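Chemist: got a predicted structure plus its sequence, pasted below:
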Amino acid sequence: MSFKTLKSTSLKEGFVKLEYVDKVFYKKFVSTDEWWNLEYLPSDHDYFDLKTFLNHLSAYCEEHNNPPVVEFSMNIRPIKLQKTPFIQTHEDCRGLKHLEDIIEWLARINTMYTTNYKCPGFVYDVTFICKSFKSKSKRKRTGVPRGLRKEVFKRDGYKCVQCGASKEDGATLHVDHIIPVAKGGTDELDNLQTLCKDCNLNKSDVIQ
C-alpha cells in the first residue's frame, strides 16, 4: 500500500479542517453503484485502512492537545462490502465533542470489524473541523533498534513497500516511521515500514 495521510487546511477564526477522500473508490465503485455487485473490496484497491487512519488521528490529537470538534462527517466500511454495517454520518457537534472521543468511538468500530467480521475497515471520506491549538513541542528522533529493523525488513520481504526495490536491485533500504516521530509516531512495528533511499527522501515528514 502507498503512504496515505490526512490533509490539514487552516480555516478562518482559529479552526482547521482535516480530511481524506478516496477518489478512486468513489469513481470506480460509488458513482457507478458497482460496489453493490461486490462482496469484498478488490484486492488491488489501495485503501486507507481504519487502523492506520486511527494512528494518524491519534498522533494529531496528541500533538494538538485533544482539540474540540465542531463538525465532522465520515464514510467508513469494512472491506467485506455486503451484509456488514458501515458508518455514514454528518454531525454538527457545536463544540461538545473532542477528537479523543471520536477516536475512541472509531476504535470500537475497528474492533467490531476485526472481531465480528474478520476483516479490516477502511476510510473513504472523512472530514473534521477542529479548533486550532498550538502544537506540543516535538519529541526528539531516536534510532530504531537493530533487532526491530531486521523484523521490519523481514516482514516487508526486504523490499521497499512503495516501489518494490530491493538490495538485489541496488537499492539502499531504510526503516521509516509511517507517522513521523515529530508528529508523535512510535517505534512500534505497526508504525514502521521499509522504504528505499529514494522513496524515503521523497516522503514528507509531516501529516499534510
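Modeler: Received, thanks. Residues are numbered from 1 along each chain as shown.

Chemist: drop to CA atoms for contacts and neighbour counts, all remaining ones
Modeler: Will do.

Chemist: leaving out chain neighbours, which residue sits closest to Phe25?
Modeler: Tyr124 (7.1 Å; C-alpha to C-alpha, 6 or more residues apart in numbering).

Chemist: for this structure, which helix is longest?
Modeler: helix 99-116 (DSSP state H).

Chemist: next, the angle from the next helix or strand along the chain from it to helix 99-116.
Modeler: Of the helices and strands lying after helix 99-116 in sequence (DSSP states H and E), the nearest is strand 121-131. Strand 121-131 and helix 99-116 are oriented at 170 degrees to each other (axes from the mean of the first three to the mean of the last three C-alpha atoms, to 10 degrees).

Chemist: give the pairing partners of strand 121-131; include direction for each.
Modeler: Counting by DSSP bridges, the strands paired with strand 121-131 are strand 15-21 (antiparallel), strand 48-49 (antiparallel), strand 68-78 (antiparallel).

Chemist: report the distance from that strand to the chain centre.
Modeler: 10 Å (C-alpha atoms, centre = their mean, to the nearest Å).

Chemist: list the contacts of whichever helix or strand comes after that strand.
Modeler: Helices and strands here follow DSSP H and E; after strand 121-131, the next one along the chain is helix 146-155. Contacts to helix 146-155, defined as C-alpha atoms under 8 Å, 6 or more residues apart in numbering, come from residues 159, 175, 189, 192-194.

Chemist: can you give me the buried ones in stretch 45-64?
Modeler: 47-64 (16 or more other C-alpha atoms under 10 Å).

Chemist: hang on, the earlier thing: Pro42: which of the strands paired with strand 121-131 is closest?
Modeler: Comparison of those against Pro42 by C-alpha to C-alpha identifies strand 68-78 as nearest, at 12.2 Å.

Chemist: average model confidence for the closest one?
Modeler: Regarding strand 68-78, the rounded mean pLDDT is 91.

Chemist: could I have the CA atoms of that strand written out in CSV?
Modeler: Taking Å, rounded to 0.1, in the frame of the first residue of the first chain, the C-alpha atoms of strand 68-78 are listed here in CSV:
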residue,chain,number,x,y,z
PRO,A,68,-12.8,20.2,20.3
VAL,A,69,-14.5,19.1,17.1
VAL,A,70,-17.3,21.4,16.0
GLU,A,71,-18.3,19.3,12.9
PHE,A,72,-17.5,16.0,11.4
SER,A,73,-18.6,13.7,8.6
MET,A,74,-17.4,10.3,7.7
ASN,A,75,-17.9,7.3,5.5
ILE,A,76,-16.3,4.1,6.8
ARG,A,77,-16.8,0.5,5.7
PRO,A,78,-15.3,-3.0,6.2
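
Chemist: give me the distance from it to the chain's centre.
Modeler: 14 Å.

Chemist: for the remainder of this discussion, apply numbering that starts at 258.
Modeler: Sure, I'll start counting at 258 from here, so that last one is strand 325-335.

Chemist: who touches it?
Modeler: Strand 325-335 is contacted by residues 341-356, 370, 376-388 when judged by C-alpha under 8 Å, 6+ apart.
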